[in-house]
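Peer 1: this one's structure only:
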């Protein structure tokens, strides 16, 4: 899979969409990083969409 996590992908942006606010990935990343975790995204192998994954430390 190809990484698709450029810094801009996780930034806030205004959206006029009726299906979202443009804040989901931004908020998710901030919460995960506040717990010393990491969030990243990868293009799906079939070329349709992407998969986002996060990790959190156990200790």
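Peer 2: Arrived safely, thanks for sending. Since the structure is predicted, the reported quantities are computational estimates derived from the model, not experimental observations. Residues are numbered from 1 along each chain as shown.
Peer 1: Report how many residues lie close to the residue nearest to residue 11 when sequence neighbours are not counted.
Peer 2: In space, and not counting its chain neighbours, residue 11 is closest to residue 26: 6.2 Å by C-beta to C-beta, 6 or more residues apart in numbering. The C-beta positions use only the backbone N, C-alpha and C, and glycine is treated the same way. Neighbouring residues of residue 26 were enumerated by other C-beta atoms under 10 Å; the total is 15.
Peer 1: Mind pulling up the pLDDT for the spatially most central residue of the chain?
Peer 2: The centroid of the chain falls nearest to residue 25 when counting by C-alpha atoms, centre = their mean (4.3 Å). The confidence metric pLDDT takes the value 86 at residue 25.
Peer 1: Just confirm it contacts residue 10, I think it does.
Peer 2: Yes - with contact defined as C-beta atoms under 8 Å, residue 25 and residue 10 form a contacting pair (5.1 Å).
Peer 1: Quickly list what's touching both of the two.
Peer 2: Counting by C-beta atoms under 8 Å, 6 or more residues apart in numbering, the contacts common to residue 25 and residue 10 are residue 39.
Peer 1: I'd say residue 44 and residue 52 touch.
Peer 2: No - contact criterion C-beta under 8 Å: residue 44 and residue 52 do not qualify, at 10.8 Å.
Peer 1: Which one's more surrounded, those two?
Peer 2: Neighbour count, other C-beta under 10 Å: between residue 44 and residue 52, residue 52 has more, with 16 against 12.
Peer 1: Let me know the secondary structure of the more buried one.
Peer 2: Using DSSP: H, G, I helix; E, B strand; the rest coil, the structure places residue 52 in strand.
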